[in-house]
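Student: compute the structure for the input listed below.
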Amino acid sequence: MRVDIVIFAGCAMAVLVSWCIVALRITGRLSLRRKALGRKSSRPTPPVSHGPSPGPADTEFTLAWASPTQVWPALTAENMLLAARLSGRITPDQYRARMLELARHCEPHPTAGE
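Tutor: Modelled structure (predicted):
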């Protein structure tokens, strides 16, 4: 008789602990990832490119990229296109085509002070 009570209590505890672990995992309060103490991450590193180095145009930024007269209208147009796509007013193909057109149109141009 006492053995039955012990077995029942053990099973009940196992079910309770399992339920708590599942509940904590669902709510995001429990992460089963172990934090590495002094170990390197197991993520692979990206391959190193041995090709030609980028030219000066690829590494030097100009003030044209930071000009509010060029950036803000482009961001506004892009946000309007994204809103239209998310609301279903335009198809994915139309969205891509309009984004390409916007990218070509909003290519930075030198400002008067350069």
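
Student: please work out the average pLDDT along stretch 73-91.
Tutor: Averaged across stretch 73-91, pLDDT comes to 90.

Student: buried sites along it?
Tutor: Across stretch 73-91, burial judged by 16 or more other CB atoms under 10 Å covers 77, 81, 85, 90. C-beta coordinates here come from the backbone N, C-alpha and C atoms, glycine included.

Student: for stretch 2-22, same thing?
Tutor: Quick answer for stretch 2-22: no buried residues (16+ other CB under 10 Å).

Student: average pLDDT for it?
Tutor: Per-residue scores along stretch 2-22 average to 90.

Student: what's Gly88 sitting at in phi/psi?
Tutor: Main-chain dihedrals, Gly88, degrees, to the nearest 10: phi 90, psi 10.

Student: ditto for Gly28
Tutor: According to degrees, to the nearest 10, Gly28 has phi 80, psi 10.

Student: please apply the same query to Thr91.
Tutor: phi -80, psi 160.

Student: quick check: it vs Ala84, distance?
Tutor: 10 Å (CB to CB, to the nearest Å).

Student: ditto for Met13
Tutor: For Met13, the distance to Ala84 - CB to CB - is 56 Å.
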